[in-house]
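> When you get a sec, could you give me coordinates for this:
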Amino acid sequence: MVLVNHFYSERGVLAWIERASGAALRKIGLNPDFPFSRIAEYAALDADVCKVMRVSIGPFFTLVTMVKRD
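Reported below is the predicted structural model:
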C-alpha cells in the first residue's frame, strides 16, 4: 500500500502553525490532526504488514509504503 498524505508536524515551528490554524482549516474541510502514529499503530497490529517506510516529500507531504508478508 502506498499513501501520500499530510501528517501533522510533530515538532518545530510548522507544528505550532498547524495547531494554531487547525480550527480554521477544519471549517474548509481539512483535518490537520492526522498523526503518522495512527498508521504506525495500525501496521504494528496487523500481522500481515512486515515493513513500513516513511519519506518526507517537502514540508507538507509524506510518502508512506506498507509491505505485506508473502
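
> Which parts of the protein are strands?
Assignment of strands within the chain using DSSP state E yields the ranges 2-5, 49-57, 61-68.

> closest one to residue 39 among those?
strand 61-68 (5.8 Å; Cβ to Cβ). For glycine as for every other residue, the C-beta is placed from the backbone atoms N, C-alpha and C.

> Count the residues that sit near residue 7.
Residue 7 sits with 20 neighbouring residues when counted by other Cβ atoms under 10 Å.

> If you could redo that for residue 41, that was the one I meant.
The criterion is other Cβ under 10 Å. On that basis, residue 41 has 11 neighbouring residues.

> re the thing from before, closest to residue 25 out of the strands of the chain?
strand 2-5 (14.4 Å).

> Just put the strands of the chain in CSV and tack on mean pLDDT, mean neighbour count and distance to residue 17.
Compiled in CSV, those are given as follows (pLDDT from 0 to 100; neighbours: other Cβ atoms under 10 Å; distance: least, Cβ to Cβ, whole Å):
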stretch, mean pLDDT, mean neighbour count, distance to residue 17
strand 2-5, 80, 11, 18
strand 49-57, 87, 12, 17
strand 61-68, 87, 14, 16
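
> now the ones you listed as a markdown table including distance to residue 16?
As requested, those are arranged in a markdown table below (distance: least, Cβ to Cβ, whole Å):
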| stretch | distance to residue 16 |
| --- | --- |
| strand 2-5 | 20 |
| strand 49-57 | 18 |
| strand 61-68 | 19 |
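
> Tell me which of the ones you listed lies nearest to residue 33.
Comparison of these against residue 33 by Cβ to Cβ identifies strand 2-5 as nearest, at 12.4 Å.

> Convert the closest one to PDB, retaining C-alpha atoms only.
Extracted C-alpha coordinates of strand 2-5, given in PDB (Å, rounded to 0.1, in the frame of the first residue of the first chain):
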ATOM      1  CA  VAL A   2       1.300   3.400  -0.900                       C
ATOM      2  CA  LEU A   3      -0.100   6.600   0.800                       C
ATOM      3  CA  VAL A   4       0.800  10.200   0.100                       C
ATOM      4  CA  ASN A   5      -0.700  12.400   2.800                       C
END
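
> Thanks again, I'm all set now.
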